[in-house]
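In: compute the structure for the input listed below.
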Amino acid sequence: MARRHGSGSSSDDREPDGGAERQRLDKWLVYARFAKTRTVSSELVENGRVRINGARVTNPARALVVGDVLTLALPHATRVVRVLAVAERRGSFPDAQTLYTEVS
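Out: Numbers count the residues shown, from 1 in each chain. The predicted model follows:
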């Protein structure tokens, strides 16, 4: 059975307010524009350059949930961001910025 994307009704147990929304880490990094491709995002994670809530992660398939704090050791900077939302696809830069907020 094919998965449907969009705003249709769903029979899963997710809260409509996004409380239980999850997404693969490697996908989220691409959708939030921290990496250009899934391959690059997977390498970033596998090389130990990503932490979720302070714990190093090496599995690109690790699920993120709204509220997680990511520490990203990117090539030119270290960024600390809180996940505000998940996305279904990579959008524009302004759209990507709505997926996270910087943590100071």
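
In: make it CA atoms for all contacts and neighbour counts henceforth
Out: Fine.

In: wait, Arg90 touches Ala96, no?
Out: Yes. The criterion here is C-alpha atoms under 8 Å, and Arg90 meets it with Ala96 at 7.4 Å.

In: so the residue nearest to Val50 when sequence neighbours are not counted: helix, strand or coil?
Out: Nearest non-adjacent residue to Val50, counting by C-alpha to C-alpha, 6 or more residues apart in numbering: Leu72, 4.8 Å away. Under DSSP: H, G, I helix; E, B strand; the rest coil, Leu72 falls in the strand class.

In: tell me the contacts of Leu72?
Out: Counting by C-alpha atoms under 8 Å, 6 or more residues apart in numbering, Leu72 makes contact with 49-51, 78-80.

In: which residues touch the longest helix belonging to the chain?
Out: Using DSSP state H to define each element, the chain has its longest helix at helix 38-46. Here helix 38-46 makes contact (C-alpha under 8 Å, 6+ apart) with 26-27, 29-30, 34-35, 50, 57-60.
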